[in-house]
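Student: mind folding the following:
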Amino acid sequence: MATIRKQKNGKWRAEIRQQNNRYLSKTFFNKGSASAWAKDTENKLEKEQYEDFKDSAHITLGNLIERYREEITPHKKSTQNETYKLNFLLRHPIARCKILKLTPRKIIEFKKNISVGRKPATINKYLHYIYTIWETARLNWGIILPSNNPTALVKKEKVMTKIDRILTKEEYQNLLLACEKSNLKQLRDIVEFAYITAMRFGEITKLQVKDIDFEKSTAKLIDTKNGETDIVPLTQRALDICDKYKFKDKIIKLETSQVLFPIHRDKFRHYFEQACVRGRIEDFRFHDLRACCITNLFKKGWSIAQVSVVSRHKSWSELKKYTRIKPIDLVKKINEKE
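Tutor: Residues are numbered from 1 along each chain as shown. Down below sits the predicted model:
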């Protein structure tokens, strides 16, 4: 049975004695709210649906982020990129918020705070991390939290559907020239390497010297997007780029475990976007270089089977998403057969 008492400060305290002689209590500004809480809590106790959040009261969002970073993130393919973003969250004031006091309003304020200079997809990614960390703590770590995740009540940013496009020859040359002027010395080589190999950024930055077979002109891609290990052909130009980076700090001894292009995704994106602005390349992402390579191979007359060895797509339905062959590109071929 609940007891409702008025305190000296004018507030009302509801108190419920449980069978184990433990007490549940909460203070309210008026008697009606205290009575409503007591009735609701007693109903939940009777149905064994009551959750006592006292043990979670001291936990901050930052505590959960740190645990997620240490226990979950290392087992993901995107470990480096995710760690970078989680560290950003840890530096933000929202990390100091007690997890039980994390409300949709506070998350909306956080979203507004980080919106300057960030794309909608990036903002949504941070919201996704907060949502996922809450659910992981509640479902996997045994931390008692409300089932109504506050992030689920926050509207995500609208992300425009992005269509891959390819560069004209002039645009590609302008991009390379702009990359040469960058403070990031590797920028031009990484961009050109992606353009002629169709490799993804993560695959390029994981490449080690030992993965390159200079005699067979191939590269071994380990732990790719589909979880498999692939062997892909390399052009002589691609081999020449790899050869530039196979010696570390001009040491004669070959470091076979050396990563050829050690750079963080967000740092690279910064310099790449700068180069696009400098080269007047609009509406273009690094990943679009993959579409450029695939389209160029088809223009050269390569078959679907041959192109799929380079792109590593398992089906034509996946491969054609990256193909930007236009009717005008086929006019010359039609005339050749007449």
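Student: go ahead and confirm residue 274 touches residue 181.
Tutor: No: in this structure, residue 274 is not within contact of residue 181 by CB atoms under 8 Å, at 9.4 Å. Glycine gets a C-beta too; all of them are placed from N, C-alpha and C.
Student: these two - which one has more neighbours?
Tutor: residue 274 (17 against 12; other CB atoms under 10 Å).
Student: check contacts around the more buried one.
Tutor: residue 182 (CB atoms under 8 Å, 6 or more residues apart in numbering).
Student: how about it, phi and psi?
Tutor: Backbone torsions of residue 274, given as degrees, to the nearest 10, read phi -60, psi -40.
Student: pLDDT at residue 85, what is it?
Tutor: On the pLDDT scale, residue 85 is placed at 92.
Student: that one reaches residue 125, doesn't it?
Tutor: Yes: using CB under 8 Å, residue 85 is in contact with residue 125, at 6.7 Å.
Student: which one's more surrounded, these two?
Tutor: Just comparing residue 85 and residue 125: by other CB under 10 Å the higher neighbour count belongs to residue 85, 18 against 14.
Student: residue contacts, that one?
Tutor: Contacts of residue 85 (CB under 8 Å, 6+ apart): 125, 126, 129.
Student: mind checking the longest helix of the protein?
Tutor: The helix that spans the most residues within the chain, counting by DSSP state H, is helix 120-139.
Student: and that helix, how far out from the chain middle?
Tutor: The gap between where helix 120-139 is centred and where its chain is centred comes out at 11 Å by CA atoms, centre = their mean, to the nearest Å.
Student: could I get that helix in CSV with only the CA atoms?
Tutor: What follows is helix 120-139, C-alpha atoms only, in CSV (Å, rounded to 0.1, in the frame of the first residue of the first chain):
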residue,chain,number,x,y,z
PRO,A,120,22.7,15.3,-43.2
ALA,A,121,24.0,11.7,-43.5
THR,A,122,26.8,12.4,-41.0
ILE,A,123,24.4,13.9,-38.5
ASN,A,124,22.1,10.9,-38.9
LYS,A,125,25.1,8.7,-38.2
TYR,A,126,25.8,10.3,-34.9
LEU,A,127,22.1,9.9,-33.9
HIS,A,128,22.3,6.2,-35.0
TYR,A,129,25.3,5.7,-32.6
ILE,A,130,23.4,7.2,-29.7
TYR,A,131,20.4,5.0,-30.5
THR,A,132,22.4,1.9,-30.9
ILE,A,133,24.5,2.4,-27.8
TRP,A,134,21.3,2.8,-25.7
GLU,A,135,19.8,-0.4,-27.1
THR,A,136,23.0,-2.3,-26.6
ALA,A,137,23.2,-1.3,-23.0
ARG,A,138,19.6,-2.2,-22.4
LEU,A,139,19.4,-5.5,-24.3
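Student: much appreciated, bye for now.
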